[in-house]
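In: Attaching a predicted model along with its sequence, questions to come.
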Amino acid sequence: MTGWQWFWTLVGFLLLILVLIFLYFFQPFEDLFTLVLNGVSYSNAIFWVALIIGIIGFCTFHWHAYKVHIVQQHSVESMVLTSLRGSTFTAILLSGGATLQAVQNLCVYLLQNGYGFDSNFGKRIAATIALVIITGIFCVIFWLLKLIRPAHA
């Protein structure tokens, strides 16, 4: 890295630290953070992990696609197609995580004493089936996007 790149990297890190310090003392953010941490339990932990991985992967994927397709290749069409693929993969990850969470919640419900095949069981089964269908639809869309090739001028 050149001197200016180091400088702007350090400025970026300092700004990030300042923003984090501001958010630490900002009461609405503190309330939200406390609410989220108090809301994490076995019934939603898998989805939170999938959500965090999805957000990090989404940002990393788009940054890499921008560097390759816009900066190096100067191809907006390739960037859009790659961005759609990355977004669809993130949707697969999130819906898959939600499906796993729904299956876990269904298993916990079935392992409880005195469960019954009532409306709660039906709601849990319907939610799991709907999430499996949504994940399958996203997989088909991702597969179709992989088949599409950008046109070259």
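Out: Okay, I see it. Residues are numbered from 1 along each chain as shown.
In: what about residue 117, distance to residue 101?
Out: Between residue 117 and residue 101 the distance is 21 Å, computed by Cβ to Cβ, to the nearest Å. Any C-beta I mention is one placed from the backbone N, CA and C, and that applies to glycine too.
In: With adjacent residues omitted, what lies nearest to residue 139?
Out: Sequence neighbours aside, residue 92 is the residue nearest to residue 139 in space, at 6.0 Å (criterion: Cβ to Cβ, 6 or more residues apart in numbering).
In: List the contacts of that neighbour.
Out: The neighbours of residue 92, taking Cβ atoms under 8 Å, 6 or more residues apart in numbering as the test, are 135, 138-139, 142.
In: And the buried ones among those, selectable in ChimeraX?
Out: To isolate the buried members of the contacts of residue 92 in ChimeraX, using 16 or more other Cβ atoms under 10 Å:
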select :135,138,139,142
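In: Of the contacts of residue 92, which is the nearest to residue 82?
Out: Proximity of the contacts of residue 92 to residue 82 was ranked by Cβ to Cβ; the top entry is residue 142 with 12.2 Å.
In: ok, the closest one touching residue 89?
Out: Yes. Using Cβ atoms under 8 Å, residue 142 is in contact with residue 89, at 6.0 Å.
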